[in-house]
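Trainee: just coords:
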């Protein structure tokens with residue numbers, strides 16, 4: 001055991017004692033049953049949809065229990081930090097409405113970036129060293145690699161433990177000699193675990209669990225030749241969860257195997273243990289099997305994918321809440337968003353992320369919104385992702401509202417559901433705006449069904465020359481029917497099918513010429529409604545462009 005004076009000399013002379021931090025971060029005084037939760041995103045990459053999923057659960061449980069929800073950026077691995085990652089976290093939380101109660105400058109238990117809490121960690125590392133619950137380790141990278149290779153060769157568990165822990169039982173004199181030589185070192189936790197021991201704990205989702213006790217002397221403080229001197233995740237989370245008075249940690253099931261280590265650290269530091277709840281991972285169907293949603297393989301694994309595409313936040317929340325607690329998927333959206341989530345109803349099998357199902361939910365949700373609401377939400381989204389569209393919606397607001405009324409509204413029993421996300425607006429409604437619409441002038445365009453250019457030109461010219469902007473839909477369509485007969489089209493598809501060589505097509509193909517000219521698409525809302533919304537002058541401009 002190192003002398004206290006030797007230990008203290010390793011740290012700044014003005015480093016506070018643990019009592020200082022206990023006073024600075026006192027117990028919260030919350031009501032019984034109140035949960036303090038936290039999400040710890042690492043800025044080494046984009047936010048995974050699973051992070052949003054867990055954050056939503058954290059936010060909901062803290063709110064409904066009268067507690068507090070913290071976002072604590074776990075940035076101790078500064079070499080791998082990605083520029084802009086923290087901004088992306090904040091953008092994601094704001095977009096989906098799960099802002100924390102405490103983060104960055106908001107809250108009395110900060111700083112909320114681990115890289116800014118160096119002094120806090122050093123205090124508790126020093127305390128472990130003083131009590132001989134940790135020790136200095138001067139093992140080199142080469143020595144550690146050799147240990148791993150020898151363990152693997154003899155099929156032993158890899159790690160730094162027992163006879164493989166080179167510096168665990170070194171004398172104070174040997175340690176001092178290494179210090180005097182200026183050798184860099186890490187601080188390792190002196191694990192109390194023994195071979196064959198088991199640890200049991202209660203998981204808030206999975207109930208009683210049992211695992212091998214940890215006997216690995218994990219690193220708690222990184223190399224002494226680094227600045228700032230930052231801890232590893234294991235140690236930092238134990239200290240921060242205690243001082244921030246977190247009492248419920250919700251995280252992915254991949255952390256279950258670390259619980260024995262974390263419980264040892266809580267006990268060694270004299271902290272009250274926190275409650276853990278390990279969530280099953282989000283899954284993706286691939287062929288006949290399922291796999292975890294992957295950052296490397298799946299674009300939808302990134303929260304940014306949903307923001308850039310403009311998925312409605314409320315619809316995504318509703319969908320994710322249904323994955324957490326299946327009963328919520330059966331409730332109306334508004335009711336499901338208000339109903340508390342419960343850990344007891346979380347499954348232990350990973351829920352499947354089904355984008356087709358999500359699209360349907362989004363379409364149903366958007367269909368309930370008024371035109372004003374849709375324009376407002378698209379404008380907010382487009383300010384970042386489609387600035388040209390913002391200008392169009394602002395300068396042609398009445399036209400946008402009129403377009404959104406086509407086959408929609410409370411009087412329509414089966415409203416259009418072709419708008420699922422805000423980025424769909426251009427393809428679904430862009431043709432209503434002259435500034436966004438590209439005139440169809442190529443009469444060999446495949447959208448025109450392969451009819452002869454001469455026939456297309458003649459039909460379009462006749463339609464424009466005799467066009468009447470009629471209010472009655474049947475009368476309006478009569479113009480197309482009359483011209484179809486004049487230009488040799490069959491009166492209906494059945495007649496055309498009977499004798500295809502006698503006609504260039506049927507009334508269906510004739511109407512398609514007008515549809516493509518007006519909308520640029522072979523599928524559109526009711527053609528008469530489109531024409532009335534565009535107005536006579538715009539209809540004639542588009543049809544004459546096709547006529548040439």
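Mentor: Yep, it's here. Predicted model, so just to flag it, every value in this text is computed and none were measured.
Trainee: drop to CA atoms for contacts and neighbour counts, all remaining ones
Mentor: OK.
Trainee: Which residue ranges of the stretch 251-400 of the chain form strands?
Mentor: With DSSP state E, counting those that start in this stretch as the criterion, the stretch 251-400 of the chain has strands at 275-279, 283-286, 289-292.
Trainee: Then the chain?
Mentor: Taking DSSP state E, the strands of the chain run over residues 36-39, 68-71, 134-137, 186-189, 198-203, 207-212, 219-221, 248-252, 275-279, 283-286, 289-292.
Trainee: so what's residue 228 closest to, chain neighbours aside?
Mentor: residue 118 (7.0 Å; CA to CA, 6 or more residues apart in numbering).
Trainee: Tell me the spacing between that neighbour and residue 466.
Mentor: Separation of residue 118 from residue 466 (CA to CA, to the nearest Å): 80 Å.
Trainee: pretty sure residue 511 contacts residue 482?
Mentor: No. Using CA atoms under 8 Å, residue 511 is not in contact with residue 482, being 11.1 Å away.
Trainee: Those two: which has the busier surroundings?
Mentor: Between residue 511 and residue 482, counted using other CA atoms under 10 Å, residue 511 has the larger neighbour count: 18 against 14.
Trainee: Quick check: pLDDT value at the nearest residue to the more buried one once chain neighbours are set aside.
Mentor: The shortest distance from residue 511 to any non-neighbouring residue, by CA to CA, 6+ apart, is to residue 480 (6.4 Å). On pLDDT, residue 480 comes in at 96.
Trainee: List the contacts of residue 480.
Mentor: Counting by CA atoms under 8 Å, 6 or more residues apart in numbering, residue 480 touches 463, 507, 510-511.
Trainee: I'd assumed residue 232 was in contact with the residue nearest to residue 228.
Mentor: No. Residue 118 is beyond contact range of residue 232, at 11.5 Å (criterion: CA under 8 Å).
Trainee: sorry, back to before: tabulate the strands of the stretch 251-400 of the chain (CSV), appending distance to residue 340.
Mentor: Formatted as CSV, these follow (distance: least, CA to CA, whole Å):
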stretch, distance to residue 340
strand 275-279, 16
strand 283-286, 23
strand 289-292, 26
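Trainee: Spit out the contact partners of the spatially closest residue to residue 396 that is not a sequence neighbour.
Mentor: Spatial nearest neighbour of residue 396, chain neighbours left out: residue 433 (8.0 Å); criterion: CA to CA, 6+ apart. Residues near residue 433 by CA under 8 Å, 6+ apart: 392, 396, 399-400.
Trainee: So residue 433 versus residue 420, what's the distance?
Mentor: Distance check for residue 433 against residue 420: by CA to CA, it reads 20 Å.
Trainee: same check, this time on residue 113
Mentor: Applying CA to CA, the value for residue 113 to residue 420 is 37 Å.
Trainee: higher neighbour count, these two?
Mentor: Using other CA under 10 Å as the criterion, residue 113 and residue 420 rank with residue 420 on top: 24 against 17.
Trainee: Kindly state the pLDDT recorded for that one?
Mentor: As predicted, residue 420 sits at a pLDDT of 96.
Trainee: Do I have it right that it meets residue 366?
Mentor: Yes. With contact defined as CA under 8 Å, residue 420 reaches residue 366; the gap is 6.6 Å.
Trainee: Compare residue 118 and residue 466 and say which one has the larger neighbour count.
Mentor: Neighbours per residue, other CA under 10 Å: of residue 118 and residue 466, the larger number sits with residue 118, 16 against 9.
Trainee: Would you check how far apart that one and residue 48 are?
Mentor: When distance is defined by CA to CA, residue 118 is 27 Å away from residue 48.
Trainee: Quick one: neighbours of the closest residue in space to residue 302 that isn't next to it in sequence, just the number.
Mentor: Leaving aside its sequence neighbours, residue 302 sits nearest to residue 48 (CA to CA, 6+ apart; 4.8 Å). By the criterion of other CA under 10 Å, residue 48 has 20 neighbours.
Trainee: can you pull the contacts of residue 48?
Mentor: When contacts are counted by CA under 8 Å, 6+ apart, residue 48 touches 295, 301-303.
Trainee: Write the ChimeraX selection for whichever of the residues you listed are buried.
Mentor: This is the ChimeraX syntax for the buried subset of the contacts of residue 48, where burial follows 16 or more other CA atoms under 10 Å:
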select :301,302,303
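Trainee: Closest to residue 103 out of the contacts of residue 48?
Mentor: residue 303 (19.3 Å; CA to CA).
Trainee: List the contacts of that closest one.
Mentor: Going by CA under 8 Å, 6+ apart, residue 303 touches 46-49, 52, 92.
Trainee: Adding distance to residue 137 and pLDDT, write these out as CSV.
Mentor: As requested, the contacts of residue 303 are exported to CSV (distance: CA to CA, whole Å; pLDDT from 0 to 100):
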residue, distance to residue 137, pLDDT
46, 34, 85
47, 35, 91
48, 35, 92
49, 38, 95
52, 38, 95
92, 41, 94
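Trainee: Greatest separation within the residues you listed: which pair is it?
Mentor: The widest separation within the contacts of residue 303 (CA to CA) is 11.1 Å, between 46 and 52.
Trainee: if we can go back for a sec, can you list residues touching both of residue 420 and residue 366?
Mentor: Residues touching both residue 420 and residue 366 (CA under 8 Å, 6+ apart): residue 312.
Trainee: Quick one: the helices in the stretch 251-400 of the chain, in order.
Mentor: Here the stretch 251-400 of the chain has its helices, by DSSP state H, counting those that start in this stretch, at 259-269, 303-309, 313-324, 333-338, 355-367, 371-385, 387-395, 397-405.
Trainee: got the contact list for residue 212?
Mentor: 196-199, 260.
Trainee: Over to residue 290?
Mentor: Contact analysis of residue 290 by CA under 8 Å, 6+ apart lists 283-284.
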